[in-house]
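Participant: Please work out how this folds:
(chains A, B and C)
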Amino acid sequence: MTLKAKQIIIAILGGAFLLSLIFVQIMEVIRKGQESGRLAPHIAVPENSKDCVSCHRDLSPGIIDHWAGSTHARKGVGCVECHQAERGDADGFDHYGTHIATVVTPRDCSRCHPQVADEFARSHHAAAGNILHSLDNFLAETVEGARTPFNPHSPTPGMAVGQVNGMASAFVGCHQCHGSRVALQATDGGQITVKDLEPGEDGKPTNLEAVDRIQKDKDERPLYHPGTWPNTGIGRLNLDGSKGSCSACHSRHDFSPRRARQPENCGKCHLGPDHPQKEIYEESKHGVAYRDLRDHMNLNAESWILGQDYSQAPTCATCHMSGHTRNDGRITHDPGQRISWTNRPPVSALMDTDIHHKVVKETDPAKRRELISDTWEAKRNRMKQVCLHCHTSDYVSGFYKQYDDFVILYNEKFAKPGQKIMASLRDKGLITKTQFDEEIEWTWFYLWHHEGRRARHGASMMAPDYAHWHGMYEVAERFYQGLIPQAREIAEHAASEGKKEQAVAVNKVIDDILARPEHAWIHGK
Amino acid sequence: MSGENGSDSPQGRRAFLWSASTVAMAGGLAGSYGTFAVMAGRFLYPSATGGKAWQFVAEAHRINPGEAMMYQAPDGSLVTITRQGNEAEAKDFLALSSVCPHLGCRVHWESHNKRFFCPCHNGVFDPGGSPVSGPPADAGQSLPQYPLKIERGLLFIEVALGDIDNRRA
Amino acid sequence: MASISQWFQERIPISGDQLRELTNEPVPNHLKHWWFCLGGTPAYLFVVQIVTGILLAFYYEASPRTAYESVRYISEQASYGWYIRSLHKWAATLMVAAVILHQMRVYFTGGYRKPRELNWMVGMCLLICTLTVAFTGYSLVYEQLSYWGATVGANIADGVPFLGGFFKRMLLAGDAYNEHTLSRFFILHAAVLPVTMIFLLAIHITLIRLQGITELHFEDEPQEGPKHFNFFPDHLYTELIIGLALMVILSALALALPADLGPRADPLTTPEVIKPEWFFYVVFCWLKLFSGTFAILSTGLIVFVMFLWPFIDAWIRRHTKAREASVWIGIFAVLAIIGLTVWEAAVSH
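Facilitator: Residues are numbered from 1 along each chain as shown, chains lettered A, B, ... in the order given. Modelled structure (predicted):
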């Protein structure tokens, strides 16, 4: 081969090599493009959280990934900012060089979100933990379970079952929505809760004797009582005295406002036979419109103001919490601010609240006026401001008249009479003090707690089927085919046992009720 | 073959005529290996760090007037944040880099002397970051400042974010 | 021009003519046949490895905690990192292949015979070094196969009688893979072995230069005419062609089959299938066929025979009539190597 030929071959091969490098450059450009596209908004791990991330990225990579997609990450709020604990906190412990606590409470969130925490703290959501003293509680802890552990019936093949935890239904059911009373394990086998710790204004326990009894593991980490944690109930009673859990609606660790705007989020708890708000919403026209148009509703937007960023349909958040063009886009974390009737109790009451945001029960008008700080009318007006974005004023007023009429019908025809009957049975000693041991107690419970609530909620959110067939129809059936006959039977039974006077008194109550014109039909008149 | 270009004869070596094929060869070699060398250079050259963003520092009320707080930026640099005024506005706060503009040593705040002091060449800065004495004063170099803002009572600083995706690093 | 060369000659007392004389090796004509360039090929690839290896070493971190992430950084974030890593990986494969082919060429052309026995042994040392540098290189990625391959390899070394334990502990910096192992592999791969190989290469090339190249005569050569051709520029051009051709092939391989990243090493979980790199398949298969000490000793014996082959071949030729015994033995050995390699590649376990 001549030299010249060789030179030409070198030139050609040089060109081929160069061509391959051009391909390399193309690949590189594509790769860079994919990298920058794949990466979410540019975030950096704050310095003090770098150790947390480098370990937990292997241990629990989902947590790091969720957080990395959050607004917190974009603004440089990392692990330590939320989980940091102070010396003296009951649940604080040293974790690889930082003093932290596992449970983040509204008190922690309030450091940066004080107004929201404040509104939430006085809302009924934060008070959801009050269920712990209610009838529902009795049902879960005693009727469905047992307040103290008991021995199993027979062995379970494959698992060594010691004692049966009778609180399991409460822990897994009621408390997961309403919130548990968070407890640490005590060295004597018991529990230590906020009641034992008696925290001060700063959230730190004042009862140091209780602190001494906290059971810790070999790394000095306080142990949570497994029945009470994990728990993200919205009314959780935290060890630092604060109430609630922000993660209930704003799931951790991405704390997405977008998720909180969607009805499915509220629907985790606001559903079911006793308060089917989710199902009611889905039946209503509001829900139909939402299902159709949710992709156009800007759910991802920073600001989500009705009338400005979206207007296709309201979600739960829209009416009950979100900002709109008529209130300068101000969000409230106290849904109670826009609610005029409370349909929770057996007999609905109007939401005249005092300075402590509690419903005023005083009946004397003069005294009421003294106590009331925010009237039900003011609350209703706030709600109307939302409605008026899509509905005219007559429409809105007409709706509220329909709603008021319905609630009052329920109150007057069934609720108050039912209450009176049950009261008389109790007062005359014809039913035991123990709840739910007699059929009529279940009947009454169904009437007001399940069917009565369904009816009222259905009316409040324009779901005709829930108002009527799932609602008032079943209330009526329960009343006429259940409560009245069962009360009569108890009276008859009492009479046959010699309690004639009590039987007569109860029967009189029933007769007086049924003599009223609204019940006249039952006598065939 | 050996005498074709005259490259073997003494005269040929001195008066080396670059024929077309030689040029082509040189071009091919230089172009290809040269491009590779450029790529290797780009490989070695440190990539541009991520852009800047506003990052959370602390709740504004955590720093009292007259106090200083150390903040470590995501790329590792230390920032001294002091508060002069009583109002909770951004202009009452000052974020100064702790990197001396002279030769890059780390300055520290001396609260008893109310000054920033650089141990390397005794550079001194006043609380506002202006140079007082030492080499920085001679060159008129102040401590670099970072932008600050207050939102809903929370203090934010604008800093470089460092490496892309350093949660993996 | 002349004054510059005079300036240098006053300080470096060597004349241009002496230099040309030294370096312009007359290259026998038969080297125009391509298969005689199989020595230059691994040498060129060695240079590629050194260049790409140095580039990679700017970002690679030889610590178990960060090694994998640093390789990921190179592959996913550094500019052209994936390309340089892929070049390094494919050049390693091609270099081992080229070394083996070169050795076969030398073997089948009898280039190991007197007076070149020593150079053959230097070449064998280079072969062992090449295989070791490839083995240590792969262990640096800290993938599952890196970790377990290193563990298994060290345990095989352990099987050598008397010295086995010593080798294993020197290799692993302990009795099992620990936090010092990876940096040890790195220094072997990036410093000790390359320097040794450069040193051996220098001896290898010097010996060739001193002894000259045997002149072979091929039928297609004209009887008259020069029997040699020049190193500069003829043979150099040939080498440049080979170099460029290799770069094109390497780039194509890097584009089509870039270096991948398997799962990160998990000391607690051994993967279902552990296999070494392809060039170790023959040894791996052999060790699986025979167990325990016999396997290791027989492997050692074979390597030993390979080392001393020039002398064994000389003995055979002296004491038997078989002049071409080496060729038949060689064909058998090549077929066996190919057979065992393919077999190992085919089976999954």
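Participant: Now do the helix or strand harbouring C:G243, average pLDDT.
Facilitator: Counting by DSSP states H and E, the element that carries C:G243 is helix C:236-256. Mean pLDDT, helix C:236-256: 91.
Participant: Ok, stretch B:142-155 next?
Facilitator: 90.
Participant: For chain C, which residues are neighbours of chain A?
Facilitator: Within chain C, the positions near chain A by Cβ under 8 Å from any Cβ of the partner chain are C:32, C:76-77, C:79-80, C:82-83, C:233-234, C:237-238, C:240-241, C:244-245, C:247-248, C:251-252, C:254-255. Where C-beta positions appear, they are placed from N, C-alpha and C, glycine not excepted.
Participant: which of those come close to chain B?
Facilitator: C:Q77, C:S79, C:Y80, C:Y83, C:P233, C:D234, C:L240, C:L244, C:M247.
Participant: neighbours around the first one, how many?
Facilitator: The number of residues packed around C:Q77, counting by other Cβ atoms under 10 Å in any protein chain shown, is 19.
Participant: my guess is it meets B:P46, correct?
Facilitator: No - the pair C:Q77 and B:P46 fails to qualify as a contact (Cβ atoms under 8 Å) at a distance of 11.3 Å.
Participant: What's the ChimeraX syntax to select whichever of the residues of chain C next to chain A are buried?
Facilitator: What follows is the ChimeraX syntax for the buried subset of the residues of chain C next to chain A, where burial is set by 16 or more other Cβ atoms under 10 Å in any protein chain shown:
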select /C:32,77,79,80,82,83,233,234,237,238,240,241,244,245,247,248,251,254,255
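Participant: Which stretches in chain B count as strands?
Facilitator: B:52-59, B:68-72, B:78-83, B:93-97, B:108-110, B:115-118, B:123-125, B:131-133, B:145-146, B:148-151, B:154-160 (DSSP state E).
Participant: Go through those strands and find the least confident stretch.
Facilitator: strand B:108-110 (a mean of 83).
Participant: now what about it, what contacts it?
Facilitator: Outside strand B:108-110, the residues that touch it by Cβ atoms under 8 Å, 6 or more residues apart in numbering or on different chains are B:A68, B:T80, B:T82, B:S98, B:R115, B:F116, B:F117, B:P119.
Participant: which of these count as buried?
Facilitator: Buried members of the contacts of strand B:108-110, scored by 16+ other Cβ under 10 Å, are B:T80, B:T82, B:S98, B:R115, B:F116, B:F117.
Participant: so which two of the residues you listed are the farthest from each other?
Facilitator: Farthest apart among the buried ones among the contacts of strand B:108-110 by Cβ to Cβ are B:T82 and B:F117. That separation is 14.7 Å.
Participant: In the stretch 151-300 of chain C, where is pLDDT below threshold?
Facilitator: For the stretch 151-300 of chain C, residues meeting the criterion pLDDT under 70 lie at C:214-232.
Participant: all strands for it, in order.
Facilitator: Assigned by DSSP state E, counting those that start in this stretch, the stretch 151-300 of chain C shows strands spanning C:228-229.
Participant: closest point of chain B to chain A, which residue?
Facilitator: B:G28 (2.2 Å; Cβ to the nearest Cβ).
Participant: Grab the nearest non-local neighbour of that residue.
Facilitator: Leaving out its chain neighbours, the residue that sits closest to B:G28 by Cβ to Cβ, 6 or more residues apart in numbering or on different chains is A:G14, at 2.2 Å.
Participant: Could you do B:L94 as well?
Facilitator: In space, and not counting its chain neighbours, B:L94 is closest to B:T82: 5.1 Å by Cβ to Cβ, 6+ apart.
Participant: same deal with A:K268?
Facilitator: A:C177 (7.2 Å).
Participant: Repeat that for C:T136.
Facilitator: Once flanking residues are discounted, C:T136 sits nearest to C:H189: 3.9 Å by Cβ to Cβ, 6+ apart.
Participant: right, and the one you found touches C:G137 too?
Facilitator: Yes - contact criterion Cβ under 8 Å: C:H189 and C:G137 qualify, at 5.1 Å.
Participant: burial of C:I331, as a residue count?
Facilitator: The burial count for C:I331: 11, using other Cβ under 10 Å.
Participant: Pull out the buried residues from the strand or helix carrying it.
Facilitator: Using DSSP H and E, C:I331 falls within helix C:325-346. The neighbour-count check on helix C:325-346 (16+ other Cβ under 10 Å) flags C:S326, C:I329, C:G330, C:I337, C:L340, C:T341, C:E344 as buried.
Participant: Out of the residues you listed, which comes closest to A:R454?
Facilitator: Out of the buried residues of helix C:325-346, the member with the shortest distance to A:R454 (by Cβ to Cβ) is C:E344, at 71.9 Å.
Participant: The stretch 201-350 of chain A: strands as residue ranges?
Facilitator: Ranges of strands in the stretch 201-350 of chain A, per DSSP E, counting those that start in this stretch, are A:341-342, A:349-350.
Participant: Paired strands for the last one, with orientation please.
Facilitator: Here the strand partners of strand A:349-350, with direction, are listed using DSSP bridges: strand A:341-342 (antiparallel).
Participant: Mind listing residues that contact the strand it pairs with?
Facilitator: By Cβ under 8 Å, 6+ apart, the residues outside strand A:341-342 that reach it are A:S348, A:A349, A:L350, A:M351, A:V359, A:W376, A:Y403, A:D404, A:V407, A:R456, A:S460.
Participant: And for residue 126, the neighbour number?
Facilitator: All of this refers to chain A. Residue neighbour count, defined by other Cβ under 10 Å, stands at 24 for A:A126.
Participant: That was the other one, I meant chain B.
Facilitator: Using other Cβ under 10 Å: B:D126 sits among 13 other residues.
Participant: which residues touch it?
Facilitator: B:K114, B:R115, B:F116, B:V132.
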